[in-house]
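**Student:** give me a model of this one.
(one chain, ligands or ions: 1)
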Amino acid sequence: GREWHLVARPDGWPVPGDFALREAEVPAPGPGQIAVRNLFMSVDPYMRGRMNDVKSYVPPFRLDAPLDGGAVGVVVASEAEGVAVGDHVLHGLGWREYAVLDARHATTVDPDVAPLSAYLGVLGMPGLTAYAGLLRVGAFQEGDAVFVSGAAGAVGSQVGQIAKLKGASRVIGSAGSDEKVKVLVEEYGFDAAFNYKNGPVREQLKQAAPDGIDVYFDNVGGEHLEAAISSLKVHGRAAICGMIAQYNATEPPAAPRNLAMVIGKRLRLEGLLVGDHADLKEQFVDEVGGWLRDGSLRYRETVVDGIDHAVDAFLGLLRGENTGKMVVRLDA
Ligand code: NDP
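**Tutor:** Residues are numbered from 1 along each chain as shown. So this is what the prediction gives:
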């Protein structure tokens, strides 16, 4: 089977030459193991951080070794009790056509309950990030006004909709194109949205939320975080989920320049790691699954076809070519 290797560490924006698609032997599964033919693999912003050789909350990718990440596939050989050939599983060995792993590191998923790709997005890691980040870290309360950046992406689109479903007084989103802004308002029911490329974020946010905001869900950092600090009300909260505006930067960002406002407004800015919130998973799947079934929560996916286009999908994600979750479909 083929698998993607990182062959050079990107400096700034990754380029196709940093990656190589290589042929690899697929070993037979050992005791307790399964062999999986991957059907969908995820590309996620955090993978950019793992391409740098720095200590972080996840170890860096190794050079000349397969990349990894979320994937869903079908079991083609099993030496594990309780997992049968033909079962579908979610696991962590994406970026390759075939994965061989211990069955205890895989979760069985049901394609009759939700499309397989949904387990990488709306019902998966990004979905739980949105749910736990807004409700727990952001300490969302009914009646709050919420601003989310990266609002047309996998996490952001769910944050805005969960806020609405939970009784937000006003939900505002920002995204990088007029088309995405339209989707936020017309499809996801945001009260207001703006294209951050059309003018200063601070002014556009002030216009969209003249009375201020109670919660900011940050996917972007930089100028967005600075604008949110200006618009947050006294005792406002910010769930700091991501700072994608700086993942490819070679210099530290200038913003936020107004951090001192945190004092006078008694703001709480709290970082969020989805891995800390596994205890909410069941509640999340129940509640979001219900909203999906009754049509009150919507989602989009951008599907790129073929493992040979996986790097294109990843680079496209960083450039904003996706609306909703970016996934790669691997064909037989
Ligand atoms: P998205 O689906 O939101 O895709 C990334 C989006 O980021 C792009 O579509 C693009 O949309 C936007 N973007 C890219 N560059 C910029 C920029 N310079 N300024 C503003 N927006 C930009 O990805 P996810 O939903 O998977 O992730 C969203 C955020 O959440 C990321 O920051 C990610 O790192 C973080 N995250 C954190 C987790 C945690 O545990 N802390 C877990 C999962 C995700 P646009 O067209 O609008 O620019």
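**Student:** residues touching the closest residue to Asp64 other than its chain neighbours, list them.
**Tutor:** Spatially, and ignoring its direct neighbours in sequence, Asp64 is nearest to His5 (5.6 Å; C-beta to C-beta, 6 or more residues apart in numbering). Placement of C-beta: from N, CA and C, glycine included. Counting by C-beta atoms under 8 Å, 6 or more residues apart in numbering, His5 touches 19-22, 63-67.
**Student:** which of these are buried?
**Tutor:** Buried residues within the contacts of His5, defined by neighbour count using 16 or more other C-beta atoms under 10 Å: 19, 21, 66-67.
**Student:** looking at the residues you listed, which are in helices?
**Tutor:** Using DSSP state H, no member of the buried ones among the contacts of His5 falls in helices.
**Student:** please flag which of those sit within strands.
**Tutor:** 19, 21 (DSSP state E).
**Student:** out of the buried ones among the contacts of His5, flag the one nearest to the ligand.
**Tutor:** Comparing the buried ones among the contacts of His5 against the ligand with C-beta to the nearest ligand atom places Leu67 closest, at 16.0 Å.
**Student:** isn't the closest one up against Trp95?
**Tutor:** Yes - with contact defined as C-beta atoms under 8 Å, Leu67 reaches Trp95; the gap is 3.9 Å.
**Student:** where do the contact lists of those two overlap?
**Tutor:** 3-4.
**Student:** Gly82 belongs to a helix?
**Tutor:** No - assessed with DSSP: H, G, I helix; E, B strand; the rest coil, Gly82 is coil; it does not lie in a helix.
**Student:** mind checking how far it is from the ligand?
**Tutor:** Distance, Gly82 to the ligand, by C-beta to the nearest ligand atom, to the nearest Å: 29 Å.
**Student:** which pLDDT value does the model give the nearest residue to that residue once chain neighbours are set aside?
**Tutor:** Leaving aside its sequence neighbours, Gly82 sits nearest to Ala103 (C-beta to C-beta, 6+ apart; 7.3 Å). At Ala103, the predicted lDDT confidence score is 98.
**Student:** check contacts around Ala103.
**Tutor:** 32-34, 78, 80-83.
**Student:** make TSV out of those residues and add neighbour count.
**Tutor:** Output for these, formatted as TSV (neighbours: other C-beta atoms under 10 Å):
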residue	neighbour count
Gly32	14
Gln33	21
Ile34	26
Ser78	19
Ala80	20
Glu81	9
Gly82	9
Val83	20
